[in-house]
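Chemist: build me a model from this:
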Amino acid sequence: QVQLVESGGGLVQAGGSLRLSCAASGRTFTFSNYAMGWFRQAPGKEREFVVSISRSGGSTYYADSVKGRFTISRDNAKNTLYLQMNSLKPEDTAVYYCAAARTTAQAMSVTYGADYWGKGTLVTVSS
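Modeler: Modelled structure (predicted):
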């Protein structure tokens, strides 16, 4: 069974920063074999793509709304995915989900698809 556990969410003022982490585990789950991504869902809205990263970490894909402010990274030795969020805006308020996909990072950015999902961590940005 695969587990993706997000952490690092919280309340922050506009302009502030947060760093999210996603710890992946599973007896048959090889972290480095999966493209990883972050998605978010704001209250009353559909889930949207935020960013994805390739298996090696060499390629990344960002939603236009977060380009230049968010940075995704991964540590395959630690089975952990990160999302550094800077210059946060109230419109970034959402539950942030970690996702793993057997497909490519580019495909994740287009199809919004994933094989495994975390339960999410809440990020609230106050104005």
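Chemist: how about the helices in this protein?
Modeler: Taking DSSP state H as the criterion, the chain contains helices spanning 105-111.
Chemist: ranking helices and strands of it by mean pLDDT, which lands last?
Modeler: Ranked by mean pLDDT, DSSP states H and E, the weakest helix or strand in the chain is helix 105-111, scoring a mean of 91.
Chemist: helices or strands up against it?
Modeler: strand 35-41, strand 48-53, strand 60-62, strand 94-101 (3 or more Cβ pairs under 8 Å, 6 or more residues apart in numbering; DSSP states H and E). In this view, the C-beta of every residue, glycine as well, is placed from N, C-alpha and C.
Chemist: out of these, deepest packed?
Modeler: strand 35-41 (a mean of 24; mean count of other Cβ atoms under 10 Å).
Chemist: give me the contact list for that one.
Modeler: 20, 22, 24, 47-55, 72, 74, 81, 83, 92, 94-105, 107-109, 112, 114, 120, 123 (Cβ atoms under 8 Å, 6 or more residues apart in numbering).
Chemist: reformat the helices and strands packed on helix 105-111 as TSV; add distance to residue 5.
Modeler: Formatted as TSV, the helices and strands packed on helix 105-111 follow (distance: least, Cβ to Cβ, whole Å):
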stretch	distance to residue 5
strand 35-41	13
strand 48-53	18
strand 60-62	22
strand 94-101	8
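Chemist: returning to that earlier point: relative to the whole chain's centre, how far out is the least confident helix or strand of the chain?
Modeler: In terms of Cα atoms, centre = their mean, to the nearest Å, the centre of helix 105-111 is set 13 Å apart from its chain centre.
Chemist: what lies in contact with it?
Modeler: By Cβ under 8 Å, 6+ apart, the list of residues contacting helix 105-111 reads 35-37, 49, 52-55, 59-61, 63, 99, 101, 103, 113-114.
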